[in-house]
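> Okay, predicted coordinates and the sequence, questions at the end:
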Amino acid sequence: MDHPEVLLIGGRAGVGKTTVAWEVSARLREAGAAHAVVDGDFMGAVHPAPEDDPHRSLITERNLTAVWANYAALGLRRLVYTNTVSVLAGSAPMFERAMGPGVRCVRVLLIASDATAAQRLTGRETGSELEHELRNSARKARMLDEHAPADTVRVATDGRTVVDIAREVVDLTGWG
């Protein structure tokens, strides 16, 4: 493999991005496939947002570039990356700059019904963010469905185990 590869796992809040990413990692470890996992939400988790970076995209890219440089120095060429909007075409240039030209992006959009997402969020969010997450989840699902590039594979999560979902996602990458 000459160029790095990134598995982009996107989707609305409550769809299971992080849970699926960790199960993907478990399957890749089982297969002996070297990789790293990054939750993109943490790459821009700074408050307040920098004055010149209100959407935190610049700090996210700087942090991803630094983290990937460390992983690449270890010889890693594969990254599992989660973030709500990571599958959108506008994110691709960030991965080119952070990981190098020619990076292969595998886009997976996890999808779930409003009821499933609400159930998961209610079980997960125990603090003051629940109402915000519930309001925005359906809006983000519609936006992602409308704007995800044609090469994005949609993977349904309703009524499925995380093991089954991760198996499908790993199969899409060809890494395992």
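Thanks, I have the structure now.

> Need the residues that contact stretch 133-146.
10-15, 84-85, 87-88, 109, 111-112, 114, 117-118, 121-122, 125 (C-beta atoms under 8 Å, 6 or more residues apart in numbering). In short, each C-beta sits where N, CA and C put it, glycine included.

> Can you flag which of these belong to strands?
If you go by DSSP state E, those have G10, G11, L109, I111 in strands.

> Tell me the most packed of the residues you listed, by neighbour count.
Neighbour counts for the ones in strands among the contacts of stretch 133-146, by other C-beta atoms under 10 Å, peak at G11, which reaches 29 neighbours.

> Verify the stated contact: that one with R107.
No. Judged on C-beta atoms under 8 Å, G11 makes no contact with R107 at a distance of 10.9 Å.

> looking at this, H132 is in a strand?
No. Using DSSP: H, G, I helix; E, B strand; the rest coil, the assignment for H132 is helix, not a strand.

> Check the burial of it by counting its neighbours.
11.

> any idea how far L121 is from it?
Distance of H132 to L121, given as C-beta to C-beta, to the nearest Å: 10 Å.

> which neighbours do these two share?
With C-beta under 8 Å, 6+ apart as the test, H132 and L121 reach no residue in common.

> re earlier: tell me the one of the ones in strands among the contacts of stretch 133-146 nearest L58?
L58 has its nearest neighbour among the ones in strands among the contacts of stretch 133-146 in G10, at 20.0 Å by C-beta to C-beta.

> Can you list the residue ranges for strands in the chain?
Using DSSP E, strands in the chain cover 5-11, 36-39, 78-82, 104-111, 153-156.

> could those be laid out in TSV, adding mean pLDDT and distance to L58?
Listed next are the strands of the chain as TSV, based on pLDDT from 0 to 100; distance: least, C-beta to C-beta, whole Å:
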stretch	mean pLDDT	distance to L58
strand 5-11	98	19
strand 36-39	98	17
strand 78-82	99	17
strand 104-111	98	20
strand 153-156	98	29
